[in-house]
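Asker: Structure, please.
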Amino acid sequence: MSMCFPYRQRRTRQPVVSLGGRSVRPRPIVSVTLIGPSGNYLEDSFLDTGADDTVFPELAATKLGIDLSSAPTGEAVGVGASPTPVRYAEVTLRLTDGHEFRQWKGWVGFTAVPLKQPLLGFAGCLQFFTATFLGDQEEVELTVNALYPGI
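Answerer: Presented below is the predicted three-dimensional model:
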């Protein structure tokens, strides 16, 4: 079975010429829960097929009770941005569309750099799903694939 998520509409400062003058941009944003040793962290997150990793703010790790002091490190790079250090930890992630839910363990990069929104990228999230972006319906469908570890 698949989970379907309608795009969220984000207001723009001016009409978007490339969208026929709309005053909103549709975005594939879903609520995801991270589950750690000391609790849960729920956040609206951007499904980003261009992101190599799933990245959240370090505040999430703190709230989850995750000690990042000796965590493996790496870098995340955004469009036109400098490399940003991240520290990785394996956490449980949970998605639901209100009808079904999926839960799995995945590696998440945590950063001290402020994020507009956490990213659900390939590693830690999208590697476990087949994502179908339905532009005309402004929704995304996620179906587990053969890599989905489930819990």
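
Asker: Only C-alpha atoms from now on, for both contacts and neighbour counts.
Answerer: Will do.

Asker: quick one, phi/psi of the residue most central in space within the chain?
Answerer: Nearest residue to the geometric centre of the chain (C-alpha atoms, centre = their mean): residue 120, 2.2 Å. When read as degrees, to the nearest 10, the backbone of residue 120 gives phi -100, psi 100.

Asker: For the protein, which segments count as helices?
Answerer: Taking DSSP state H, the helices of the chain run over residues 58-64.

Asker: what's the single longest strand in it?
Answerer: What stands out as the longest strand in the chain, according to DSSP state E, is strand 84-96.

Asker: Would you mind measuring from residue 148 to residue 67?
Answerer: Per C-alpha to C-alpha, to the nearest Å, residue 148 is found 26 Å from residue 67.

Asker: Not counting sequence-adjacent ones, nearest residue to residue 94?
Answerer: Using C-alpha to C-alpha, 6 or more residues apart in numbering and skipping the chain neighbours, the partner closest in space to residue 94 is residue 103 (4.3 Å).

Asker: and that neighbour, how many neighbours does it have?
Answerer: Per other C-alpha atoms under 10 Å, the neighbour tally for residue 103 reads 18.

Asker: shouldn't residue 87 be in contact with residue 74?
Answerer: Yes - applying C-alpha atoms under 8 Å, one finds residue 87 in contact with residue 74, separated by 6.4 Å.

Asker: If we go by neighbour counts, what in the longest strand of the chain is buried?
Answerer: Within strand 84-96, the residues that count as buried by 16 or more other C-alpha atoms under 10 Å are 86, 87, 88, 89, 91, 92, 93, 94, 95, 96.
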